[in-house]
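Q: when you get a sec, could you give me coordinates for this:
(2 chains)
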Amino acid sequence: MATPDRISYWNKTKGLMFVMLGLWVFFGYVIHMFVEQLNTIVIFGFPLGFYMAAQGSLIAFVVMLFWFARRQNAIDEEHHVNED
Amino acid sequence: MANTTSTTAGGGDFTSNLGRIYSLYTGGFIAFIILMAILSAIGVENVVIGYLFMGFTIVIYAVIGVLSRTMHVGEYYVAGRRVPALYNGMATGADWMSAASFIGMAGSLYLLGYDGLGFVLGWTGGYVLVAILVAPYLRKFGAYTVPDFLSARYGGNLARFIGVIVLFSCSFTYVVAQIFGTGLISARFLGIDFNVAVYVGLAGILVCSMLGGMRAVTWTQVAQYIVLIIAYLIPAIWMSTVKTGIPIPQLMQGQALANITALETAQGITVHHITPFVHGGYDAKNYFLLILCLMVGTASLPHVLMRYFTTPSVREARVSVAWSLLFIFILYFTAPAYAAFAKWTMLDLVASGLTPENIAEKAGWMMRWAAADNTLVQICGKAATDTAAIVAACAEKGVTALSFADINLNADMIVLATPEMAGMPYVISGLVAAGGLAAALSTADGLLLAIANALSHDIYYKMIDQNAPTSRRLIVSRILLVMVAVLAAYVASTKPSDILSMVSWAFSLAAGGLFPALVLGVWWKRANSTGAVAGMIAGFGITLFYLVMTQYGADFDKATPNMELWWGVKNISSATFGLPVGFAVMIIVSLLTKAPSRDMQDFIEEIRVPRGKQMMEEKIA
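A: Numbering: from 1, shown residues only, chains lettered A, B, ... in the order given. Have a look, this model is predicted:
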């Protein structure tokens, strides 16, 4: 079961998971901790801190998920564990 | 795209024609809106338009429900596992966006400003956890229900049984909120008594889900998504066009925010819409804890996770999570704009010189809503039922010219009342009501199915009678569905709490009870049965304890004081305590007891790779 190929597959999958988790923490929490500072920057009437919570982070989440689906699929194919 | 494994019940044709069918449907719905606008213009009464909107949409859902009826187990529980990623995403969107998202959220954003954005973030970011930690692995396992997975991974019916209890608690709380929402809409737009309206809403829910199970719910949810997103976008686009001349509310929201701040300053309001951590008791701590509980709850709610059991493959399940979030995002990034334009409109109205005497002429809608329910609109602290009442209330307070702060609007009415507030024709109000109804019905369908499936599949079939023939299992499932639905409608008719709180509690219960067991089950081979059982009991127990004690107190008497909040954490974020306790107990107990068997470790290895046949195969009865 635990062939070297499987182990390397799982390590890569774990790596991708942690990258995603890191981005999630950044866009979900870290950036909003600086809302007051970001609000001093105003673009199109949007204070940037408000914008990040209303739209910016959401766009990041959507893009992240499509990227993740592609990336994980590439890892699957590389290790020949994709579905036929 | 469509893996047409057309082995069952002739669905192959249907799956390959989905694009055409739903384009036709969308066109038909838009034609219907135009027809209603024409009827309204030639003088058909408002209440008739309301009935037509709600009646027509419910009939469509019922027709889809009846056409998708099935007696096949795989179709009933997981829609035959052939729902393409994009359509599953759309169905998940409708499953996900409930009365709380559609009716409650923009209203809360209107009242709470920046601090309401915690709901927007919490209800979107959780999908990242769904995709990376849970959904693809459960799809590979091939479960029918979430407790199915718990039972297989943690060897036995004890883990399954606790899973069912958590599932029942969170889904039931959630479904009560949805039936409450359908009752609210039916009462307001059809003019029937709330207690009756709750059961009318219930009938609408049952026709969609009873005959066809997951298959029927999937295809009605896609239809409901289309209705609800159109109904949400049109008023926002309308307001943006009227106020700024550009029909892109999400972009023009910036201009709205700038105007809101200017008008607030002119009104002498110091707590601005855009100021963070100052509204409604949401300090920074409660803001971030709410986001955490909602996100983790997303990745633990069985009615959401089970949508990913319906895709043809693990790969499609992952893509499907991305589509789900995209479809949800369309509504969620409109909601702050919706709220901002509504607030701008109200501030403009006040700035135009609003007095108690001219309110009937300038904003008659306030009185209509106050007349429907006297808690919805209050001016100078009293229900704004007519000019005399407003003049009297304001004279008492010595108010001659109304300021923004004198007018108190209820969060649950803002979305539904915005078309009137902004002077749109009544047909838009009817459309918004139909959208709110679609949102509440679609979520209620998914939840009821999750509960009924757990009771019939996990309790009846797996724990009571393993030899039950297919036909009897499906009949038991349908009977349970109706019983749970009636019970939920009864609880909803007692008006236990407001929509947003009930929904948030469901998230915390799911997060505290299920998240550690689901995630460690896939990601930590050392997690064992004893640890999981202890962890679920501890996590769920603490969450439930905190929620009940702070909301009702030990004696369930509203008159006596309830338990003090721990460190000031609001009880809508109860999982703040349940989640770490659940993880800690599960890890410690697992380490103190025997490691899982070799077979179990192989089983986990298999779940982790997409290739190979799914682990749980249904025996063909």
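Q: residue contacts, the residue nearest the centre of chain A?
A: In chain A, the C-alpha nearest the mean C-alpha coordinate belongs to residue A:20, at 3.7 Å (CA atoms, centre = their mean). When the contact criterion is CB atoms under 8 Å, 6 or more residues apart in numbering or on different chains, the partners of residue A:20 are A:64, A:68, B:128, B:131-132. For glycine as for every other residue, the C-beta is placed from the backbone atoms N, C-alpha and C.
Q: burial count for residue B:268?
A: As a burial measure, the neighbour count of residue B:268 was computed by other CB atoms under 10 Å in any protein chain shown and equals 9.
Q: now do residue B:236
A: Residue B:236 sits with 26 neighbouring residues when counted by other CB under 10 Å.
Q: same check, this time on the one 10 residues further on
A: The local packing of residue B:246 (other CB under 10 Å) involves 12 other residues.
Q: what's it in contact with, if anything?
A: Contact partners of residue B:246, counting by CB under 8 Å, 6+ apart, are B:240, B:252.
Q: on that earlier part again, by neighbours, which of the contacts of residue A:20 wins?
A: The member of these that has the most neighbours, counting by other CB under 10 Å, is residue B:131 with 29 neighbours.
Q: residue B:324 is in contact with that residue, correct?
A: No - under the criterion of CB atoms under 8 Å, residue B:131 lies out of contact with residue B:324, with a separation of 9.1 Å.
Q: the residue nearest to the centre of chain A sits in which helix or strand?
A: Following DSSP states H and E, one finds residue A:20 within helix A:4-25.
Q: hey, C-alpha coordinates of that helix in PDB?
A: Only the C-alpha atoms of helix A:4-25 are listed here, as PDB (Å, rounded to 0.1, in the frame of the first residue of the first chain):
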ATOM      1  CA  PRO A   4       7.200   5.300  -2.400                       C
ATOM      2  CA  ASP A   5       5.000   6.800  -5.100                       C
ATOM      3  CA  ARG A   6       2.000   6.900  -2.700                       C
ATOM      4  CA  ILE A   7       4.100   8.600   0.000                       C
ATOM      5  CA  SER A   8       5.400  11.300  -2.400                       C
ATOM      6  CA  TYR A   9       1.800  11.700  -3.700                       C
ATOM      7  CA  TRP A  10       0.500  12.300  -0.200                       C
ATOM      8  CA  ASN A  11       3.400  14.700   0.700                       C
ATOM      9  CA  LYS A  12       2.600  16.800  -2.300                       C
ATOM     10  CA  THR A  13      -1.100  16.700  -1.500                       C
ATOM     11  CA  LYS A  14      -0.300  17.800   2.100                       C
ATOM     12  CA  GLY A  15       1.900  20.600   0.800                       C
ATOM     13  CA  LEU A  16      -0.900  21.900  -1.400                       C
ATOM     14  CA  MET A  17      -3.300  21.700   1.500                       C
ATOM     15  CA  PHE A  18      -1.000  23.700   3.800                       C
ATOM     16  CA  VAL A  19      -0.500  26.400   1.100                       C
ATOM     17  CA  MET A  20      -4.200  26.700   0.800                       C
ATOM     18  CA  LEU A  21      -4.700  26.800   4.500                       C
ATOM     19  CA  GLY A  22      -2.100  29.500   4.800                       C
ATOM     20  CA  LEU A  23      -3.800  31.600   2.100                       C
ATOM     21  CA  TRP A  24      -7.100  31.000   3.900                       C
ATOM     22  CA  VAL A  25      -5.800  32.300   7.200                       C
END
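Q: list the buried residues in that helix.
A: Residues of helix A:4-25 classed as buried under the neighbour-count rule (16 or more other CB atoms under 10 Å in any protein chain shown) are A:9-10, A:12-13, A:16-17, A:20, A:23-24.
Q: what do you get for stretch B:180-198?
A: Buried residues in stretch B:180-198, counted by 16+ other CB under 10 Å: B:180-190, B:194, B:197-198.
Q: which one of those residues is nearest to chain A?
A: When the buried residues of stretch B:180-198 are compared for distance to chain A (CB to the nearest CB), residue B:181 wins out at 23.6 Å.
Q: now do the contacts for the closest one.
A: Residue B:181 touches B:98-100, B:103, B:436, B:439-440, B:499, counting by CB under 8 Å, 6+ apart.
Q: how does it look with 7 Å?
A: B:99, B:103, B:440, B:499 (CB atoms under 7 Å, 6 or more residues apart in numbering or on different chains).
Q: sorry, back to before: and the next element down the chain from the helix holding residue A:20?
A: Later in the chain than helix A:4-25, the nearest helix or strand by DSSP H and E is helix A:31-33.
Q: check contacts around the closest residue to residue B:571 other than its chain neighbours.
A: With sequence-adjacent residues excluded and distances taken as CB to CB, 6 or more residues apart in numbering or on different chains, residue B:571 is closest to residue B:550, at 4.4 Å. Under the criterion of CB under 7 Å, 6+ apart, the contact list for residue B:550 reads B:562-563, B:565, B:571.
Q: can you rerun that using 8 Å?
A: Contact criterion CB under 8 Å, 6+ apart gives B:562-565, B:571, B:574 as the residues in contact with residue B:550.
Q: compare those residues and tell me which is most surrounded.
A: Using other CB under 10 Å as the neighbour test, these are led by residue B:574, with 30 neighbours.
Q: run a quick neighbour tally on the closest residue to chain B within chain A.
A: For chain A, the residue positioned closest to chain B under CB to the nearest CB is residue A:45, at a distance of 3.2 Å. Applying the criterion other CB under 10 Å, we find 18 residues in the vicinity of residue A:45.
Q: same check, this time on residue B:120
A: When neighbours are counted by other CB under 10 Å, residue B:120 registers 27.
Q: can you tell me the helix or strand for it?
A: Mapping residue B:120 onto the secondary structure by DSSP H and E places it in helix B:117-129.
Q: and the contacts of the next helix-or-strand element following that helix?
A: Past helix B:117-129, further along toward the C-terminus, the next helix or strand under DSSP H and E is helix B:135-141. Applying CB under 8 Å, 6+ apart, the set of residues contacting helix B:135-141 from outside is A:72, B:146, B:148-149, B:152, B:305, B:308-309, B:311, B:313-314, B:317-318, B:321, B:518, B:522, B:606-610, B:614-616.
Q: try stretch B:271-282
A: In contact with stretch B:271-282 (CB under 8 Å, 6+ apart) are residues A:35-36, A:39, A:47, A:49-50, B:111-116, B:118, B:257, B:260-261, B:264-265, B:283-284, B:287, B:290, B:340, B:343, B:570.
Q: what about residue B:422, distance to residue B:227?
A: Look at residue B:422 and residue B:227: by CB to CB, to the nearest Å, they are 21 Å apart.
Q: higher neighbour count, the two?
A: Each of residue B:422 and residue B:227 has its neighbours counted (other CB under 10 Å); residue B:227 has more, 27 against 20.
Q: who touches the more buried one in this structure?
A: Applying CB under 8 Å, 6+ apart, the residues contacting residue B:227 are B:29, B:57, B:434-435, B:438.
Q: how about it, nearest residue that isn't a chain neighbour?
A: If the residues on either side of it in the chain are set aside, residue B:227 comes closest to residue B:438, at 4.3 Å by CB to CB, 6+ apart.
Q: again, but for residue B:500
A: residue B:104 (4.6 Å).
Q: could you list the domains of chain B?
A: Domains of chain B are assigned by automatic domain parsing as B:21-335+B:425-497, B:342-419.
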